[in-house]
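S.K.: Sequence first, then the predicted structure, then my questions.
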Amino acid sequence: MTEKQTQELLDWYDANKRDLPWRHEPDAYHVWLSEIMLQQTRVEAVKGYYARFLAAFPTVADLAEADDERLLKAWEGLGYYSRVRNLKKAAQVIMHEHDGIIPASPEQLLKLPGIGLYTAGAIASIVYNLPVPAVDGNVLRLLARLQADHSDIALDQTKREFAARLLRVIPQDRPGDFNQALIELGACVCRPNGVPLCGICPLQENCIARLHSLTAELPVKSAKKPRKIAHRQLLILRFEDKLALRKRPSSGLLAGLWELPEAFVIPSELILFEEHAGTAVHIFTHIEWHMMVRKITLREELRGECLVWITQEELERDYALPSAFADFRKMMF
C-alpha cells in the first residue's frame, strides 16, 4: 500500500466511519471491552451490551471485583462466555501487577488472559498511538482481495504475514485510525457476506481481485470440521409461580450458567399437567444442540436433581440463562 493509498483510506474513514460509542473516547478500558465483545458478534448486537456492562462495571477495578453471577448476568445472551471470564481475570492481573493501568505495549497486553495479537494491536494503536497492526477477519478479507492473495486466512502463518506487510506501511502519526479504517472498509464495503461494494471503495483502482473478477473466490479459508450433534431431552418444570433451573458444571461449554434440567423420571402422581413444549436447534462453534422440551406442571416442589426453584423476577434479575434456550423462554412462566 502506497502513501497515497494510505491517505485515501484515511480520508474515506474520516468521512464514512460509523458513530460507535467506544470511538467517542479512546479510553483503554472502553476499547478493550468493545474489542472483546465484538469477537464473533455483530456491532449492532454489541451496542446495548456495551452500555449496560459499563453501567454495571464502570472501571477496571469494578470488573476485577465483580461477583461472578452478576458478571455472567451482564453478559447473558452475548455468547462465548469465556470472554467475560477472561475479562475479569485480566482485570485482576491489571490491578495487581499494573497498578490498575492497562499496559500499552503489545508484549505486556499479550500476557493478559483473553488478549491475542489482534486485540493487543487494537489497544496499542487506538489508545496508545503505537504503530502496531491489528489484523482481524475484516482486514484479512480486504488484504486478500486487494493483493489477490490465495493464502488460507484461517492459518496463523497467513495472519502473521499479513500483519508483517501492514507493519511496513502503517502511518506513524495515525496508526489507530489506519487500523480502524481497514476494519471499517472490510466490514462495510469489502463485506463478509454478499457482493462487495467495489464501486464505493477508495482502494478499488488498486484492487487486483476486482480487476481480475476474483472477489467471489477470495479470501480462501479452509473448511471447519463438521460440528458434533448432541440430542438433549429437557424439561420446563413449574410449581405454582416458580421454575426449576440447574447450574451447569464449572468448566466446559457454558460453564457456570443456568439451564433447563435434563429429563428424568417424575412419579406420575406428582404431575398436574404435561405437554410437549417444542423442539429447537442451537449451534455452537463445535457442537449443535438438538433439543426436545416437555413442560410439566407439578403438584409440589421437587427436591434433588440439583434443582433451584426461582420466580420470573429472580430469573430476570439474577440468573444468566444462555440464548440456547431463547425459543422456550416465553413458555417458562
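M.R.: Cool, got the structure. Numbering: from 1, shown residues only.

S.K.: Averaged pLDDT, the helix or strand harbouring Leu315. What do you get?
M.R.: Applying DSSP states H and E as the criterion places Leu315 in helix 312-318. Summarised as a single mean, pLDDT over helix 312-318 is 97.

S.K.: could you pull out the helices for the stretch 201-333 of the chain?
M.R.: With helices called from DSSP state H, counting those that start in this stretch, the stretch 201-333 of the chain shows them at 208-211, 312-318.

S.K.: could I get the ones you listed as a markdown table with mean neighbour count?
M.R.: Bear in mind the C-beta positions are built from the backbone N, C-alpha and C, glycine included. Compiled in a markdown table, the helices of the stretch 201-333 of the chain are given as follows (neighbours: other C-beta atoms under 10 Å):
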| stretch | mean neighbour count |
| --- | --- |
| helix 208-211 | 17 |
| helix 312-318 | 13 |
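
S.K.: Out of these, which is closest to Glu259?
M.R.: Among those, the nearest to Glu259 by C-beta to C-beta is helix 312-318 (12.1 Å).

S.K.: which residues sit in contact with the nearest residue to Gln312 once chain neighbours are set aside?
M.R.: Among residues not flanking Gln312 along the chain, Phe333 sits closest, at 4.4 Å (C-beta to C-beta, 6 or more residues apart in numbering). For Phe333, the contact set (C-beta atoms under 8 Å, 6 or more residues apart in numbering) comprises Arg238, Asp241, Leu243, Gln312, Leu315.

S.K.: Just give me the closest of those to Glu35.
M.R.: For those, the nearest to Glu35 is Leu315 (30.3 Å; C-beta to C-beta).

S.K.: neighbouring contacts of stretch 101-113?
M.R.: Applying C-beta under 8 Å, 6+ apart, the contact partners of stretch 101-113 are 28-29, 32, 60, 86, 89-90, 93-94, 98, 115-117, 119-121, 123-124, 127-128, 130, 132.

S.K.: Let me see the contact set for Gly278.
M.R.: Met292, Val293, Asp327, Phe328, Met331.

S.K.: Cross-check the contact I'm expecting between Glu259 and Ser323.
M.R.: No: judged on C-beta atoms under 8 Å, Glu259 makes no contact with Ser323 at a distance of 11.4 Å.

S.K.: Of those two, which one has the most company?
M.R.: Just comparing Glu259 and Ser323: by other C-beta atoms under 10 Å the higher neighbour count belongs to Glu259, 17 against 12.

S.K.: how near is the more buried one to Cys306?
M.R.: Per C-beta to C-beta, to the nearest Å, Glu259 is found 11 Å from Cys306.

S.K.: which residues in the stretch 51-200 of the chain form helices?
M.R.: So, for the stretch 51-200 of the chain - with DSSP H, counting those that start in this stretch - the helices run 60-64, 68-75, 82-97, 106-109, 117-126, 137-146, 156-167, 175-188.

S.K.: Ok, which of those comes nearest Gly252?
M.R.: helix 82-97 (10.2 Å).

S.K.: and the closest one, what does it pack onto?
M.R.: helix 28-38, helix 60-64, helix 68-75 (3 or more C-beta pairs under 8 Å, 6 or more residues apart in numbering; DSSP states H and E).

S.K.: Can you list the neighbours in contact with that helix?
M.R.: By C-beta under 8 Å, 6+ apart, helix 82-97 touches 33, 36-37, 39, 60-61, 63-64, 66, 68, 71-72, 74-75, 78, 100-103, 111-115, 255.

S.K.: and the helices and strands packed on helix 82-97, which is most packed in?
M.R.: helix 28-38 (a mean of 22; mean count of other C-beta atoms under 10 Å).

S.K.: Can you list the helices and strands that it packs against?
M.R.: helix 43-56, helix 82-97, helix 117-126.

S.K.: picking up where we left off before, show me what the helix holding Leu315 is packed up against.
M.R.: Using 3+ C-beta pairs under 8 Å, 6+ apart, helix 312-318 sits against helix 68-75, strand 242-247.

S.K.: what's in contact with that helix?
M.R.: Here helix 312-318 has contacts from Glu69, Lys73, Asp241, Leu243, Leu245, Ile310, Leu321, Met332, Phe333, using C-beta under 8 Å, 6+ apart.

S.K.: Off-centre distance for it?
M.R.: 24 Å (C-alpha atoms, centre = their mean, to the nearest Å).

S.K.: And stretch 91-102, by the same measure?
M.R.: That offset, for stretch 91-102, works out to 23 Å (C-alpha atoms, centre = their mean).

S.K.: ends of it, how far apart?
M.R.: End-to-end distance of stretch 91-102: 8 Å, with C-alpha to C-alpha, to the nearest Å as the criterion.

S.K.: Now that stretch: buried residues?
M.R.: If you call a residue buried by 16 or more other C-beta atoms under 10 Å, then stretch 91-102 has these buried ones: Ala91, Gln92, Val93, Ile94, Met95, Ile102.

S.K.: Return the residues in contact with the closest residue to Trp289 other than its chain neighbours.
M.R.: Spatially, and ignoring its direct neighbours in sequence, Trp289 is nearest to His282 (4.7 Å; C-beta to C-beta, 6+ apart). Contacts for His282 were tallied using C-beta under 8 Å, 6+ apart; they are Glu288, Trp289, Met291, Ser323, Ala324.
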